[in-house]
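> Okay, sequence plus prediction incoming.
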Amino acid sequence: MKLATLAMAASALSLGLMAYADTSTPVAADEAAAAPAMAVEAAKADTANWRAVDPERLFIFKTNKGRVLIEAFPDVAPKHYAQFAAIIRSGDLDGTSFHRVINGFMAQGGDIFALKGRESGLPDIPGEFTFRRNPGEMPLDSSFGPRDSAKNGYVNGFPMVTQASFFAEMSKDGMVESWIPHCRGVVSTARTSDPNSANSQFFLMRDTSHHLDKEYTAWGRIVEGEDVVLAIKAGKDALNGEVALPDILMSAEVAADLPKAERPNVWVERTDGPVFTASIADVAEDLDVCERPSVAAVVEH
């Protein structure tokens, strides 16, 4: 009975989030204000279906269009995570612009040289386009189809594409090649034609672009602010998205560096929880994981 109660609570929470996200239905001001608080309390109480985001992995981007919260996934790209955490903490991203933005594609920022006339001072990062995943230690939380043969699914709330897990039995290291696909809401890293030239520039996906997969290093996903990313001013197609008078990343912070009373707290729907697992039980094995909505998150401001 306890498990059923938790499942019903999480289902109600998901439905509630969808209802308040539907701007076509008028919602009273007091109801709208109460909804986030109710959702947060429900998530906190339902640890079987929701997890708290580690503040060390939570990046806060404040733009002139609004706030974007990013959860990083260090296990997928540890060198990129370490570099971006260091650059954020240095303050060098503050005031940089979204200088290249393309509708239906992405918003690129983080050009420190354009603002300060110098680079980050950190070495370029070797490409981490894919990673080796041990299916026993890091299974697909929710796979599309049988777990041994699935190529799409989720790990820790992140969309994942992978070699089938059964290949681990035939590989020398007992692992399989996996990667975060460039779905809408994913955070990835800009580079030159040199695959090992990434440094400080990043891009936020405004739509799915699989041609970037295994060519650019994706290391995070947006847990709040996909609408903000879509609102960032786009450039002209004729100029390859170069923006005149671009929008600004006013500040970037790691949530762990803020006093507890001031930091946002985020809960993400567990992709290994009973409610989420049941929700994809009938998903076709060949479905593209990017065709599904981003995994739900609630934020306590």
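In hand now; what should we look at?
> Please report the distance of the residue nearest to residue 74 when sequence neighbours are not counted from residue 219.
Among residues not flanking residue 74 along the chain, residue 81 sits closest, at 4.1 Å (CB to CB, 6 or more residues apart in numbering). Where you see a C-beta, it was placed from the backbone N, CA and C, and this is true even at glycine. Using CB to CB, to the nearest Å, residue 81 is found at 6 Å from residue 219.
> Buried ones in the helix or strand hosting residue 69, by neighbour count?
Using DSSP states H and E, residue 69 sits within strand 66-72. Burial within strand 66-72, assessed by neighbour count using 16 or more other CB atoms under 10 Å, is assigned to 67, 68, 69, 70, 71, 72.
> Which pair in those residues has the greatest spatial separation?
67 and 72 (16.3 Å; CB to CB).
> Chain neighbours aside, what residue packs nearest to residue 126?
Nearest residue to residue 126 in three dimensions, chain neighbours excluded: residue 196, at 4.7 Å (CB to CB, 6+ apart).
> residues near the one you found, how many?
12 (other CB atoms under 10 Å).
> Identify the residues contacting the residue nearest to residue 74.
Counting by CB atoms under 8 Å, 6 or more residues apart in numbering, residue 81 makes contact with 57, 72, 73, 74, 219.
> tell me the SS of residue 181?
Recorded secondary structure, residue 181: coil (DSSP: H, G, I helix; E, B strand; the rest coil).
> my read: it touches residue 158, true?
No: counting by CB atoms under 8 Å, residue 181 does not reach residue 158; the two are 9.5 Å apart.
> Could I get the contacting residues of the most centrally placed residue in the chain?
Most central in the chain under CA atoms, centre = their mean is residue 221, positioned 0.7 Å from the mean C-alpha point. Neighbouring residues of residue 221 by CB under 8 Å, 6+ apart: 70, 71, 73, 157, 158, 159, 180, 185, 186, 187, 294.
> From residue 222, how far off is the residue nearest to residue 179 when sequence neighbours are not counted?
Nearest non-adjacent residue to residue 179, counting by CB to CB, 6+ apart: residue 130, 4.4 Å away. Distance of residue 130 to residue 222, given as CB to CB: 21 Å.
> Between the two, tell me which one has more neighbours.
Higher neighbour count among residue 130 and residue 222: residue 222, with 23 against 20, using other CB under 10 Å.
> Now do the phi/psi pair for that one.
Main-chain dihedrals, residue 222, degrees, to the nearest 10: phi -80, psi 130.
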